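# Pasting the sequence and the predicted coordinates here, then a few questions.
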Amino acid sequence: MFGVSTIAGHGSTPAVTLRNDFFLGIPFAQPPTGDLRFPNPRPLQVSWKGERDATTFSPACVGYGASQMGYNISEDCLYLNVRRPPGSNMKHHGGFAQGSGVDLRYNTSFMVQESVSLSQPILVNQVRDSGDTNVGLRDLRLALQWIQENIASFGGDPGKVTIWGQSAGAGSVGIRVMAYNGRDDKLLRSAIMESGSPVAISDPDRKGYYQAAYHHLTQLAGCSNAPDSLECLRSLSFEKLNAAVNTTALNSIWFPQIDGDIIARHSSEQLKEDAFVHVPILIGTNSDEGTSFTPKGVNNTEIFKKAIQGSAPLMNASFADRVLVAYPARNVLANLDPTYRPGPPHGAQYRRAATYYGDTQFIASQRLTCETWSAAGLTAYCFRFNAIPVWATILDGATHFVEVAFAMLNVLGVSYPPVRIPPFEEKPPSYDNLARLTSGDWIRFVHTGDVNSKARSRSFGVPRWPRYSLRKPEGSVYDANVTSHVEPDTYRAEGISLINSGVFVVYNK
């Protein structure tokens with residue numbers, strides 16, 4: 001255990017000293033190496049006497065992408081980090097293909113320190129796993145079981161565990177809530193989902209695609225002619241297997257799939273039938289999510305229609321025509337000037353396409369989740385994040401991932417350079433205030449299940465954040481250029497309702 005960390009300031013931002021207790025690199029499962037490569041995770045069956053060094057991070061799980069750059073990686077990576085001053089369990093993934101608890105952009109030290117100043121201390125456990133297959137999802141489940149059994153020893157309450165994730169991590173949180181057809185094993189009290197939801201794509205028709213990918217992997221690894229190709233892959237050195245997987249064709253295709261077990265069936269079916277764990281949620285998206293995922297070169301309606309037709313597994317021409325009507329050319333993103341016309345390489349109708357892609361991948365699913373929770377009489381705090389960091393361009397807007405630094409209270413931009421400029425650099429004090437508001441809301445939700453307090457309204461001049469209601473759907477808008485406020489959750493109602501009407505039969509979710 002170690003307690004005090006000092007983080008240098010950036011530019012005019014002063015250095016800060018954080019007083020947390022850290023316990024790093026705590027194993028929660030047997031290492032998935034040798035004969036345990038690929039099978040479901042096994043609980044840890046060893047103990048130790050005396051002291052164990054818990055002052056350094058363990059290696060990050062193997063992943064493929066920019067988030068892994070500069071970090072030590074290993075197959076032996078099923079470890080937890082505990083920071084303490086309820087319990088919060090943060091899942092941070094990069095498309096189920098990269099990301100780890102070593103990434104300091106997800107460093108919760110600032111939040112833990114802030115929770116003490118708010119007299120609402122939280123304890124944070126960060127799961128050490130990349131989450132790129134259903135085996136990865138089972139790793140996370142085993143980590144939650146470990147927390148139930150052991151977190152009291154760190155001063156945490158196993159009855160007050162909040163799981164929390166962003167992007168694919170939020171999708172993983174959604175899978176926790178839906179796992180085993182909604183079976184409640186009392187592993188969590190609440191959940192936070194940033195830019196993700198329980199409504200995840202899981203296309204059974206892609207099973208042939210994954211089989212082909214597996215065959216390609218065995219060929220690259222020299223195992224295609226082995227009597228037992230899986231055993232052959234298991235016997236390879238890490239270096240040889242990693243070289244085979246780390247190819248353009250294979251390094252980002254491993255997504256969760258319906259297996260009739262931990263992912264029992266389509267999530268939209270489970271939501272419709274109330275087959276999910278009934279816990280409070282805090283869930284939201286960024287205004288311009290689609291700009292991170294939209295194909296470029298959308299110059300006219302014909303190209304936009306082709307993009308629509310390629311956006312869903314079961315899209316048909318009739319439904320695509322309805323999408324064209326629901327998303328007209330004048331339907332633009334919140335943070336783009338309506339008179340602005342993007343040129344090459346984005347295309348004149350890029351804004352139109354980005355609006356649709358953001359809705360179909362994130363925003364429609366979030367609204368469906370909020371509506372489902374309200375219909376079930378459950379607490380849901382729903383938000384839209386609308387602040388733009390310094391590194392975002394005019395076409396990025398409040399794009400995917402921008403809320404993370406605010407929620408983490410990472411006003412120093414720790415670990416953003418050299419890939420990105422620190423998000424608060426040269427921004428006005430309103431950005432720091434927004435970070436304190438956002439992280440404070442997350443802290444209050446973890447601690448009490450309620451984001452509101454008298455101090456919140458007094459300190460930030462913001463209205464009470466209402467629970468989502470079908471009678472009067474409203475959500476909180478986080479903004480740094482105007483005062484954060486509450487808005488009706490009815491924007492783009494026609495398009496989002498259309499997407500959700502086809503969530504199963506068209507989008508196969």
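That came through, no problem.
# Next, the contact list for residue 445, please.
Applying Cβ atoms under 8 Å, 6 or more residues apart in numbering, we find residue 445 in contact with 162, 190, 192, 280, 282, 381, 451. Backbone N, C-alpha and C define where each C-beta goes, glycine included.
# just those residues now: which is nearest residue 223?
Closest to residue 223 out of the contacts of residue 445 is residue 192 (40.9 Å), distances taken as Cβ to Cβ.
# Just list whatever residues bridge to the closest one.
residue 164, residue 282 (DSSP bridges).
# That one and residue 64: what is the separation?
According to Cβ to Cβ, to the nearest Å, residue 192 stands 26 Å off from residue 64.
# Mind checking which of the two has more residues around it?
residue 192 (27 against 21; other Cβ atoms under 10 Å).
# picking up where we left off before, quick one: least confident of the contacts of residue 445?
Lowest pLDDT within the contacts of residue 445 is found at residue 162 (94).
# Near that residue, how many other residues are there?
Around residue 162 there are 26 residues (other Cβ under 10 Å).
# which SS state does it fall under?
Classification of residue 162 using DSSP: H, G, I helix; E, B strand; the rest coil returns strand.
# I figured it hits residue 191, correct?
Yes: the pair residue 162 and residue 191 passes the contact test of Cβ atoms under 8 Å, sitting 6.6 Å apart.
# Regarding residue 136, what are the backbone dihedral angles?
Main-chain dihedrals, residue 136, degrees, to the nearest 10: phi -60, psi -40.
# so which helix or strand takes in residue 445?
helix 429-448 (DSSP states H and E).
# Report the distance from that helix to the chain centre.
Centroid displacement of helix 429-448 relative to its chain, using Cα atoms, centre = their mean, to the nearest Å, is 18 Å.
# after that helix, next one along is what?
Next along from helix 429-448, by DSSP H and E: helix 454-460.
# which outside residues touch that following helix?
Residues outside helix 454-460 that contact it (Cβ under 8 Å, 6+ apart): 118, 433, 436, 437, 440, 441, 444, 462, 463, 464, 484.
# The residue nearest to residue 259 when sequence neighbours are not counted: neighbour count?
If the residues on either side of it in the chain are set aside, residue 259 comes closest to residue 134, at 5.6 Å by Cβ to Cβ, 6 or more residues apart in numbering. By other Cβ under 10 Å, 19 other residues sit near residue 134.
# Please verify my assumption that residue 134 contacts residue 255.
No: in this structure residue 134 lies outside contact range of residue 255 using Cβ under 8 Å: 9.5 Å.
# in what helix or strand does the residue nearest the centre of the chain lie?
In the chain, the centroid-proximal residue (Cα atoms, centre = their mean) is residue 166; its distance is 2.0 Å. Applying DSSP H and E as the criterion places residue 166 in strand 161-167.
# who's in contact with residue 398?
286, 287, 288, 334, 335, 385, 386, 387, 388, 392.
# Quick one, which of those residues has the minimum pLDDT?
At the low end of pLDDT for the contacts of residue 398 is residue 334, which has 66.
# any idea where the helices of the stretch 1-150 of the chain begin and end?
109-117, 134-150 (DSSP state H, counting those that start in this stretch).
# scratch that, the stretch 301-450 of the chain
301-309, 317-326, 350-358, 364-375, 404-407, 429-448.
# mean confidence for the last one?
The one in question is helix 429-448. Here helix 429-448 scores 96 as its mean pLDDT.
# buried ones in it?
Going by neighbour count (16 or more other Cβ atoms under 10 Å), the buried part of helix 429-448 is 431-447.
# Export that helix to CSV, keeping only CA atoms.
The C-alpha coordinates for helix 429-448 follow below in CSV (Å, rounded to 0.1, in the frame of the first residue of the first chain):
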residue,chain,number,x,y,z
PRO,A,429,-12.4,28.2,-15.8
SER,A,430,-15.9,27.0,-16.8
TYR,A,431,-14.2,23.8,-18.0
ASP,A,432,-12.7,23.1,-14.6
ASN,A,433,-16.1,23.9,-13.0
LEU,A,434,-17.8,21.5,-15.4
ALA,A,435,-15.3,18.7,-14.5
ARG,A,436,-16.1,19.3,-10.8
LEU,A,437,-19.8,19.1,-11.5
THR,A,438,-19.6,16.0,-13.6
SER,A,439,-17.2,14.1,-11.3
GLY,A,440,-19.3,15.2,-8.3
ASP,A,441,-22.4,13.8,-9.9
TRP,A,442,-20.7,10.5,-10.5
ILE,A,443,-19.4,10.4,-6.9
ARG,A,444,-22.8,11.2,-5.4
PHE,A,445,-24.4,8.5,-7.6
VAL,A,446,-21.9,5.9,-6.4
HIS,A,447,-22.2,7.0,-2.8
THR,A,448,-25.9,7.4,-2.4
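# Report the angle between that helix and strand 161-167.
140 degrees (axes from the mean of the first three to the mean of the last three Cα atoms, to 10 degrees).
# same check, this time on the fourth one
Calculated by the same axes, to 10 degrees, helix 364-375 forms an angle of 150 degrees with strand 161-167.
# Output the contacting helices and strands for helix 364-375.
helix 267-272, strand 281-286, strand 380-385, helix 493-501 (3 or more Cβ pairs under 8 Å, 6 or more residues apart in numbering; DSSP states H and E).
# Distance to residue 226 and mean neighbour count for these - can I get that in a markdown table?
What follows is the helices and strands packed on helix 364-375, written out as a markdown table (distance: least, Cβ to Cβ, whole Å; neighbours: other Cβ atoms under 10 Å):
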| stretch | distance to residue 226 | mean neighbour count |
| --- | --- | --- |
| helix 267-272 | 36 | 21 |
| strand 281-286 | 45 | 27 |
| strand 380-385 | 49 | 24 |
| helix 493-501 | 45 | 18 |
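# Which of the ones you listed sits closest to residue 173?
Here strand 281-286 is closest among the helices and strands packed on helix 364-375 (Cβ to Cβ), at 8.8 Å.
# Pull the distance from that closest one to the chain's centre.
Distance, centroid of strand 281-286 to centroid of chain: 10 Å (Cα atoms, centre = their mean).
# What segments of the stretch 151-300 of the chain are helices?
Per DSSP H, counting those that start in this stretch, the stretch 151-300 of the chain carries helices over the ranges 168-182, 207-221, 229-235, 238-245, 267-272.
# nearest to residue 312, of those?
helix 267-272 (12.8 Å).
# Now do the closest one, average pLDDT.
96.
# Any stretches of this structure with poor pLDDT?
Across the chain, the ranges flagged by pLDDT under 70 are 1-20, 65-70, 85-133, 201-207, 248, 251-253, 331-334, 338-339.
# rerun at 50
Scanning the chain for pLDDT under 50 picks out 1-18, 86-87, 90-101, 105, 122-132.
# so how far is residue 295 from residue 345?
Counting by Cβ to Cβ, the gap from residue 345 to residue 295 is 10 Å.
# actually residue 396, not the one I wrote
16 Å.
# and what of residue 388?
Residue 388 is 22 Å from residue 295, by Cβ to Cβ.
# which of these two has more neighbours?
Ranked by neighbour count (other Cβ under 10 Å), residue 388 and residue 295 place residue 388 first, with 24 against 17.
# can I assume residue 389 is in contact with residue 423?
Yes: counting by Cβ under 8 Å, residue 389 touches residue 423, with 3.3 Å between them.
# anything in contact with each of these two?
Joint contacts of residue 389 and residue 423 (Cβ under 8 Å, 6+ apart) are 402, 405.
# Run through the residues that contact residue 222.
Residue 222 makes contacts with residue 232, as judged by Cβ under 8 Å, 6+ apart.
# circling back to that earlier point, which of the contacts of residue 398 ranks first by neighbour count?
Neighbours here mean other Cβ under 10 Å. Within the contacts of residue 398, the largest count is held by residue 286, at 30 neighbours.
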